[in-house]
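1. 3D model of this:
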Amino acid sequence: MHTTASPEDHDAALRLILELQHGAATACAYLGRDEAGIREDLENLDQDWRETLRVSRGADGRVDGAALIEWDTELDRSWVHGPWTRKGRWEQQAPGLLESVISQAPVDRHEMYAAVENAQMARLAERCGWSAGEANFEYTASLDDDPSAQRTAHDAVRAARPEDLPRLAELHEAEFPGTYASASGLLEHGGSYSTFVHSEGGCVRGYLSGQMQGTDTLYVDFLAVAPEARRRGIARGLLDTAAQRKGARTITLTVDEHRPDAKRLYEALGFSRTAATRPYRRGGAADRSAPPPAGSDAAQM
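-> Below you'll find the predicted structure:
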């Protein structure tokens with residue numbers, strides 16, 4: 001596998017990624033499917049994708065495979081983007097691409113993420129000794145599907161503040177132990193997350209944290225409500241307020257397969273299941289945390 005500083009190779013790899021991200025059977029679930037979203041996702045990675053990019057080449061010297069990686073040393077975790085290869089080159093190139101990118105990351109735990117339709121990723125994980133995690137189900141709600149629907153801000157919901165951190169951390173760690181983002185990261189000034197809380201009498205009862213994808217889609221990474229405050233409409237209030245404040249026309253989130261109550265909740269709130277994805281992990285104890293940008297942990301409300 002090759003490192004490359006060549007703009008021509010960067011362009012060739014990007015063309016390959018854009019082409020293969022269109023189909024669930026060849027896509028990496030960390031990235032979007034449309035060109036604008038993919039380009040934005042790549043530019044927002046913690047490490048410059050051009051620096052972590054590794055490519056493979058065919059007999060003619062042209063790029064026929066690519067992979068890249070992002071990592072967080074505080075969480076001791078990396079996220080492999082790819083691999084992607086030309087048709088007929090997967091078995092030969094994918095294992096080397098995978099090993100070449102994870103060797104860059106100064107962490108012990110690594111993760112890949114793909115649609116359940118991506119059978120070649122499942123084979124690669126098994127071949128390389130990675131563990132398959134629980135499936136995640138993607139849900140989407142579009143206001144355009146119901147022109148009469150309105151997402152309005154709720155008085156009890158506001159943007160999270162630094163002083164909310166202790167309570168936010170309590171809720172976050174209870175609902176999503178060992179997940180990919182810390183509570184402090186959700187409140188980081190200038191960070192990628194927008195975080196809202198439902199506060200009553202000075203006490204935070206629930207929170208939502210998400211990121212915009214493109215100009216009109218809100219991706220909900222985390223949503224949790226304290227057990228004693230559930231079934232009071234707090235989840236809907238958080239979703240409505242976040243959508244209204246961010247100008248979103250579509251809300252997307254994912255739910256782990258072991259959360260049937262959460263799936264029923266989102267379906268009752270007008271969400272439709274649009275995809276199923278699965279993580280594959282190497283190193284450390286297996287956990288149920290979802291990946292960043294393309295996957296979220298949605299809790300029972």
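2. Could you list every helix and strand in contact with the one helix or strand Glu19 maps to?
-> If you go by DSSP states H and E, Glu19 is part of helix 7-20. Packing contacts for helix 7-20, counted by 3 or more Cβ pairs under 8 Å, 6 or more residues apart in numbering; DSSP states H and E, involve helix 35-43, strand 54-57, strand 63-72, strand 77-85. To be clear about C-beta, it is placed using only N, CA and C from the backbone, and glycine gets the same treatment.
3. residue contacts, Arg89?
-> Shown in contact with Arg89 (Cβ atoms under 8 Å, 6 or more residues apart in numbering): 56, 58, 64-65.
4. nope, Cys28 is what I meant
-> Contacts of Cys28 by Cβ under 8 Å, 6+ apart are 21, 80-82, 84, 112-114.
5. picking that back up, which one of the helices and strands packed on helix 7-20 lies closest to Gly214?
-> Nearest to Gly214, of all the helices and strands packed on helix 7-20, is helix 35-43, at 5.5 Å by Cβ to Cβ.
6. What angle do strand 77-85 and that closest one make with each other?
-> 130 degrees (axes from the mean of the first three to the mean of the last three Cα atoms, to 10 degrees).
7. Could you look up the SS state of Ala59?
-> On the three-state scheme (DSSP: H, G, I helix; E, B strand; the rest coil), Ala59 is labelled coil.
8. what about it, neighbour count?
-> 6 (other Cβ atoms under 10 Å).
9. With Val157 instead?
-> With other Cβ under 10 Å as criterion, Val157 counts 22.
10. picking that back up, PyMOL command to pick out the buried ones of the contacts of Arg89?
-> Those of the contacts of Arg89 that count as buried under 16 or more other Cβ atoms under 10 Å are selected in PyMOL with:
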select buried, resi 56+64+65
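11. need the contacts of Arg89 in a markdown table with pLDDT and distance to Pro177, can you?
-> Converted to a markdown table, the contacts of Arg89 look like this (pLDDT from 0 to 100; distance: Cβ to Cβ, whole Å):
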| residue | pLDDT | distance to Pro177 |
| --- | --- | --- |
| Ser56 | 95 | 37 |
| Gly58 | 93 | 44 |
| Asp64 | 96 | 41 |
| Gly65 | 97 | 36 |
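12. Quick check: the two most widely separated of the contacts of Arg89?
-> Farthest apart among the contacts of Arg89 - using Cβ to Cβ - are Gly58 and Gly65, which lie 8.7 Å from each other.
13. got any residues that touch both of those two?
-> 86, 89.
14. Please enumerate the strands of the chain.
-> With DSSP state E, the ranges of strands along the chain come out as 54-57, 63-72, 77-85, 109-115, 131-132, 136-142, 157-159, 194-200, 203-213, 217-225, 250-256, 272-282, 297-298.
15. Centre of the chain to stretch 6-25, how far?
-> Remark: stretch 6-25 is offset 20 Å from the chain centroid, using Cα atoms, centre = their mean, to the nearest Å.
16. For it, which outside residues touch it?
-> When contacts are defined by Cβ under 8 Å, 6+ apart, stretch 6-25 is touched by residues 4, 26-28, 31-33, 35, 38-39, 42, 50, 53, 55, 62-66, 82, 84, 86, 115, 117-120, 275.
17. Give me the buried entries from those residues.
-> 4, 26-28, 31-32, 38, 42, 50, 53, 55, 63-66, 82, 84, 86, 115, 117-118, 120, 275.
18. quick revisit: including distance to Glu134, could the helices and strands packed on helix 7-20 go into CSV?
-> What follows is these, written out as CSV (distance: least, Cβ to Cβ, whole Å):
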stretch, distance to Glu134
helix 35-43, 23
strand 54-57, 29
strand 63-72, 21
strand 77-85, 17
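19. okay, the nearest residue to Asp216 once chain neighbours are set aside: pLDDT?
-> Excluding the flanking residues, the one nearest Asp216 by Cβ to Cβ, 6 or more residues apart in numbering is Arg249, at 4.2 Å. With respect to pLDDT, Arg249 scores 94.
20. Tell me how many other residues surround Arg249.
-> Neighbours of Arg249 (other Cβ under 10 Å): 15.
21. Could you do the one 4 residues further on as well?
-> Applying other Cβ under 10 Å, we find 27 residues neighbouring Leu253.
22. what do you get for Glu19?
-> 12.
23. One more: Lys87?
-> By other Cβ under 10 Å, neighbour count at Lys87 equals 8.
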